[in-house]
Every structure is written in C-alpha cells, then in structure tokens.
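1. Predicted structure and sequence below. I'll ask about it afterward.
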Amino acid sequence: MRLSIEFSGGLELLFGKKKQHSVEVDKKEIVLRDLLQWIKENLLKERPELFLSQQTVRPGILVLINDCDWELMGGLDYKVEDKDELVFISTLHGG
Amino acid sequence: MSEGGKFEDNSCGEVPPEEARRQADRLKKKISDICVKCRTEKSTLLFRKESICWPCYEDQIIRKFKTQLNATRKNKSQLEKVLIAFSGGPSSRALIHILNECILGRSNQASAFFEIGGIIHIDESGVTKPETAEEKEKLAQVAASYNIPYHSVPFGSIFNDSENPTQETNREKIEKLMQGCTTNTTREDIIFHMRNLLIANTARTLGYEKVLFGTSASRMATTLISLVCKGRGYNVAQEIGNNDTKYGDVQFGYPMRDFLGKEVSVYNHHKHLEDVFLPSLDTKTSDPKFSIDHLTESFIEGLQVDFSHTVHTLLRSSVKLTMPKIDQPMTCSICAASLLPSTTSQSIGGEGKEDSCCGENGCGGEEWLVVVANISDYVCGGCHRVMNEISPQVLPPYVQHNADRNGRSSRLRSQIEDYLLDDGE
Ligand SMILES: [Zn+2]
Ligand SMILES: [Zn+2]
C-alpha cells in the first residue's frame, strides 16, 4: 500500500530533515502499532527514543490520520489503509 | 453470498475481543462519532476529551483565545497597540494568525480594542546554531504575509554598551557567556531572562506598552515547575502572570495560555500555518537530564498522557498567586524580578570595591556615587544560583549598571533612614 507520512515540529530532524515521505509498504494489512515499527526500521535515521517510547509514540507527539485525531480512529489498533495520510507532529518546545 | 451471510451472523452473535476492547475504550474516553457540540457533523478531533468536528474545534479555539485576550487588558476602554513576540514556534505562529483574524472580524468587543503594531523576533544566533538566510527569510515572510512590520533583534545586542565600547564582537561575548555556565539549566535560565529583557527594552524603545507572547499552557506549566526547581518560586506570579509589572511600563500578556501544545498543532495543521522550526539548546538531545527545563517538559508531557488535566490543574493553582506589594521596589540586576528586602545585602557598600577614580583627578563625587557594587548583593534568589556558577566578567554590562544603581539607591535609603531615626529621637 502507498502511504503519505509527514513529520514536523522538529521530528523531521530524525528523518533526514525530510518532512514529506511518500512510501510503499509491502503489506496487505498493517495496524498502526506495527507501522510505527516499520517507520522506525525504514524511515528513522537517528535517535529512535525521541520518536518511540514503549511501543507507542513518545508523549508530546501528536498523530493525525487523514486529518483526524488518531484516538478517534482507534489509536494503535487502527488498520492502516491504502492512500492514508499520516501526520506526526512534535508538540514539545512550542513557543 | 452465503459466505457473506455467515460472516454477518458471526459478528452479530459474538463480537471479536479486539473490537470489544476498542468499543470499551471509546466508551471510556466518551468518543462519539457525531460532534458533541453541533450534533450534526462527523467528529474528527478531540478537544478536552470531547469528540468534535473541525468547525466546532476552531470555534472553541477562538472563544477561549478571546477570553484570555480580554484578561490581558488593563484599561478596558483604551485601544491597545501591541507588539507580538514571535519565536518561530507553532504557538506564537498561531497567535499572529488568530489575533489578526479577530481584529479583522471585529466581531468581539475585546479584539476591537487591539491593534498589532509589529512583530518582534529575537535572533538567537550564537546561543544556538546561527539562523540561516532561509530561516531569516521565512520568519520575515510570516510578518509580511499579514502586512505587519517585523523587527529581528540579535540576542547579542544585550551586550551593547554605549559607554564602554569593546573590541570583542557580541558573538564572542555570547560564546563566553555560554561557556561561562557550567550547566545547561543555567544556560537556558539566563537566555530566558535576557531574551525577555531584550523584548521589554525593544518594546519600550519602539513605544509599546504591551507585548503578547504565544506561550501555551503546556509551556507555562513547564515554566512554572522549573521556576520553582530553580529557586525562583517567589517570582512565579511575576513570570507567568498576565498583568505583571516586572518590566515596569511594558506589560507582557499570554493570550494562548489556555491551549495545550497539541491543540495548537492541530489548529495550525488545519489552517496550514507553517511555523519556522529553530533548534534550541536541547533539540535532539537524548539525555533526559539535559536540564531542568528539559526534564520538566518530558515529565509534564508524560503525566498529561494519563492524566489529561495535569497542565490545566497546575496553571489554575498558579493564577491565584500574586506578588506581595513592596514599598521600595528594588529589582534583580540580572533578571529584573522584584527583590525581597531581605534578599539584598545588609552590609551595604561593605563588600563593594571602590572605583579607583574616586577622590582622585578632582572627581570629588560623593563616595556612594562611584562605588562599584558587588553584583551578588543585588540579585534575586534564583540569580544567586547563577552567580555561584559564572564569573561576573562574562555577564552583559547592563548587569553591573543595574547593580550599581541598586547599590546607590540602597545606600541613599539607609542614609535617609538614619536621618529619619535621628529626627524621631
Ligand atoms: Zn461540530
Ligand atoms: Zn534574578
């Protein structure tokens, strides 16, 4: 499936300073919990502890799925679909 | 077709455990598919535990903003021309947009009394990595897109001293100051206070009486806790209160103080408001104990995940704090906080060394006019900790000037007190 993944609020620094990532995930089905691991293994360039903490995103990171709050979409159990737009925003250090 | 029917039956009779858990979870978090505010739109966002639609979310943001904006007003009948402090971050980025929209709309009484005169940005090149040309351009562009005059002030100008110009560049002085601190906590602490002082001074020079900051609730809570940790508990009301008089005639206001960092980010995402990410000292550090500020931020964000009232509960308690009225206000030579009478030196002039010019070359001035004050005698409790760490030589010249002035007024006062006592007896 093809996904659009965006990192901002400083998170992009962990992903080679690149905000927009258009990726092909070679899976028929994947839940967000497993996609986070996939991102860690395939996109993340450094310091995984600043992105993930205990199998989920670190506190202070906001997740939007197709502009919706991920908690409304089922959180980690959300079944990711083809053409989904995922946004990860670090809200730490906003001034 | 029969297979499909079978599946339907199955799911009706017996809900898979995964689905059951999800439903229970949604029930616990009061998640509803329809917006609980307008009851018509599909809910897409969570705001204070309520599932709502984007239009209602925006409405909530504007409403809460106006309430807080109104709370920053001292004189309710006067038009206020304000300066906005723009760090480049999401919260001050949102502040510019929301205030501008409110003013254009003029729908609300409070915002009709505001006018944005300018945007100020402190360029912290040297403290952190220098701002790139692209970053400078982006910052200026934000102001230009609203037709608001933009002032970028270099952090180094805190070292400007017209009386004693030096060979060293401000950039070199910043470097010495940063190297002079032995902990990141102190670095962040003095940057915070000097940045605010620069903003207040620039605002005064430009003729403003009010500066609005984008400080979010999350940031405020972090500041509150770390002020206490850094021995600045006494000054909490002055540092994060809405109507503080810390900088005399220039008042700081915080109309974004009700919003969580996440709430601001959602707003900016939907409004396509791009902030300008500028690295700070602790950006990319993996050391949780980098500094008190850094540690406090992770601590509060961590609590917030499980206890969503953490930030607002902290702030609700803090707004009730007020500064005691002090008859003879003396302010800290470094951070401008009010000094408690007991925090200033009791042995006035005792430890200060006399200026060599005194009594020579026909100077003839009164002794108390030329004594070089000991900075440590005229700083607040929090800055005392700073002084234990760094040498006075690396501090900007304004600190010594303030200490000297504090020293003079304190000696003058003790002389007057002597007269008054003599008189009474
Ligand atoms: Zn609604
Ligand atoms: Zn101080």
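-> Sure thing, it's come through. Residues are numbered from 1 along each chain as shown, chains lettered A, B, ... in the order given. Ligands and ions are numbered 1, 2, ... in the order given.

2. all contacts plus neighbour counts: C-alpha atoms, from now on.
-> OK.

3. mind showing which ranges of chain A have poor pLDDT?
-> A:93-95 (pLDDT under 70).

4. How about residue B:225: what's its closest non-neighbour residue?
-> residue B:296 (6.9 Å; C-alpha to C-alpha, 6 or more residues apart in numbering or on different chains).

5. my guess is residue B:85 meets residue B:121, correct?
-> Yes. With contact defined as C-alpha atoms under 8 Å, residue B:85 reaches residue B:121; the gap is 6.0 Å.

6. If you count surrounding residues, which of these two has more?
-> residue B:85 (26 against 21; other C-alpha atoms under 10 Å in any protein chain shown).

7. Give me the local confidence score for that one.
-> As predicted, residue B:85 sits at a pLDDT of 98.

8. that's a helix at residue B:305, yeah?
-> Yes. The assignment for residue B:305 by DSSP: H, G, I helix; E, B strand; the rest coil puts it in a helix.

9. Check the secondary structure at the residue nearest to residue B:225 for me.
-> Going by three-state DSSP: residue B:296 is helix.

10. Is it correct that residue B:137 falls within a strand?
-> No. Applying three-state DSSP, one finds residue B:137 to be helix, outside a strand.

11. so what's it up against?
-> Applying C-alpha atoms under 8 Å, 6 or more residues apart in numbering or on different chains to residue B:137 gives no contacts.

12. quick one: it from residue B:54, how far?
-> 31 Å (C-alpha to C-alpha, to the nearest Å).

13. Any idea how many residues pack against residue B:320?
-> Residue B:320: 9 surrounding residues under other C-alpha under 10 Å.

14. what is residue B:47 paired to in the beta sheet?
-> residue B:50 (DSSP bridges).

15. Report pLDDT for it.
-> 93.

16. is it true that it touches residue B:264?
-> No. The criterion here is C-alpha under 8 Å, and residue B:47 misses it with residue B:264 at 11.0 Å.

17. quick one: the strands in the chain?
-> If you meant another chain, say so; for now it's chain A. A:2-8, A:20-24, A:30-31, A:52-53, A:56-57, A:61-65, A:68-69, A:79-80, A:85-90 (DSSP state E).

18. wait, chain B
-> Assigned strands in chain B, in chain order: B:45-47, B:50-52, B:80-85, B:114-123, B:150-154, B:210-212, B:251-253, B:353-354, B:371-372 (criterion: DSSP E).

19. looking at these, which is closest to residue B:384?
-> Nearest to residue B:384 among these is strand B:371-372 (18.1 Å), distances taken as C-alpha to C-alpha.

20. now for that closest one, which elements pack on it?
-> For strand B:371-372, the packing partners by 3 or more C-alpha pairs under 8 Å, 6 or more residues apart in numbering or on different chains; DSSP states H and E come out as strand B:353-354.

21. Do me a favour and average the pLDDT over the strand it packs on.
-> What strand B:353-354 shows for mean pLDDT is 44.

22. According to the record, where do the domains of chain B fall?
-> Using automatic domain parsing, the domain ranges for chain B come out as B:56-319, B:341-419.

23. Next, the distance between the ends of the first one.
-> This points to domain B:56-319. Domain B:56-319 has an end-to-end distance of 27 Å (criterion: C-alpha to C-alpha).

24. how far does that domain sit from the chain's center?
-> For domain B:56-319, the gap between its own C-alpha mean and the chain's C-alpha mean amounts to 5 Å (C-alpha atoms, centre = their mean, to the nearest Å).

25. Out of the strands of chain B, which gets the lowest mean score?
-> Among the strands of chain B, strand B:353-354 has the lowest mean pLDDT, at a mean of 44.

26. Buried residues, stretch B:49-69. List them.
-> The neighbour-count criterion (16 or more other C-alpha atoms under 10 Å in any protein chain shown) identifies B:50-54, B:56-57, B:61-62, B:64-66, B:68-69 as the buried residues of stretch B:49-69.

27. Same check on stretch A:26-35?
-> Using 16+ other C-alpha under 10 Å as the burial criterion, the residues of stretch A:26-35 that qualify are A:30, A:32, A:33, A:34, A:35.

28. Just put those in CSV and tack on distance to chain B.
-> Listed next are the buried residues of stretch A:26-35 as CSV, based on distance: C-alpha to the nearest C-alpha, whole Å:
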residue, distance to chain B
A:30, 15
A:32, 14
A:33, 14
A:34, 16
A:35, 18
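
29. Of the residues you listed, which is the nearest to ligand 1?
-> residue A:32 (26.7 Å; C-alpha to the ion).

30. What separation do you get for that closest one and ligand 2?
-> 48 Å (C-alpha to the ion, to the nearest Å).

31. Dead centre of the chain: give me the residue that sits there.
-> Using chain A here. Residue closest to the mean C-alpha point of chain A, counted by C-alpha atoms, centre = their mean, is residue A:88 at 5.1 Å.

32. how about the residues of chain B near chain A?
-> B:22, B:26, B:31, B:44-46, B:51, B:86-92, B:214-216, B:219, B:261-262, B:265, B:270, B:277, B:279, B:284, B:286, B:297-298, B:301-302, B:305 (C-alpha under 8 Å from any C-alpha of the partner chain).

33. how about a cut-off of 6 Å?
-> B:44, B:45, B:89, B:90, B:91, B:92, B:214, B:215, B:261, B:262, B:301, B:302 (C-alpha under 6 Å from any C-alpha of the partner chain).

34. Quick check: the last one touching residue A:59?
-> So the one you mean is residue B:302. Yes. In this structure residue B:302 lies within contact range of residue A:59 using C-alpha atoms under 6 Å: 5.4 Å.

35. When these two are compared, which one has more neighbours?
-> residue A:59 (22 against 16).

36. Okay, residue B:62 and chain A: tell me how far apart.
-> 19 Å (C-alpha to the nearest C-alpha, to the nearest Å).

37. How about residue B:271?
-> 11 Å.

38. Counting neighbours, what do you get for that residue?
-> 12.

39. Do the helix of greatest length in chain B and ligand 2 come into contact?
-> Longest helix in chain B, counting residues (DSSP state H): helix B:397-424. No. Judged by C-alpha under 5 Å from the ion, helix B:397-424 stays clear of ligand 2, getting no closer than 10.2 Å.

40. any idea how far that helix is from the chain center?
-> 32 Å.

41. buried ones in that helix?
-> Buried residues in helix B:397-424, counted by 16+ other C-alpha under 10 Å: B:397, B:399-400, B:402-411.

42. Between those residues, which sits nearest ligand 1?
-> Looking across those and measuring by C-alpha to the ion, the closest to ligand 1 is residue B:399, at 53.2 Å.

43. can you tell me how far that closest one sits from residue B:162?
-> 14 Å.

44. do residue B:206 as well
-> Using C-alpha to C-alpha, residue B:206 is found at 18 Å from residue B:162.

45. Of the two, which one has the most company?
-> Neighbours per residue, other C-alpha under 10 Å: of residue B:206 and residue B:162, the larger number sits with residue B:206, 12 against 8.

46. For the more buried one, report the pLDDT, please.
-> The model's pLDDT for residue B:206 equals 97.

47. cool, and the one 3 residues further on?
-> Each residue has a pLDDT score; the one for residue B:209 is 93.

48. where in the stretch 1-150 of chain B is pLDDT low?
-> Ranges of the stretch 1-150 of chain B meeting pLDDT under 70: B:1-16, B:18-19, B:21-30, B:106-111.

49. any idea how far residue B:17 lies from ligand 2?
-> On the measure of C-alpha to the ion, residue B:17 and ligand 2 end up 58 Å apart.

50. For burial, what's the neighbour tally of that residue?
-> Neighbours of residue B:17 (other C-alpha under 10 Å): 9.

51. who touches residue B:217 in this structure?
-> B:257, B:258, B:259, B:260 (C-alpha atoms under 6 Å, 6 or more residues apart in numbering or on different chains).

52. Would you mind listing what in chain B touches ligand 1?
-> So far as C-alpha under 5 Å from the ion goes, chain B lies against ligand 1 at B:35, B:37, B:38, B:53, B:56.
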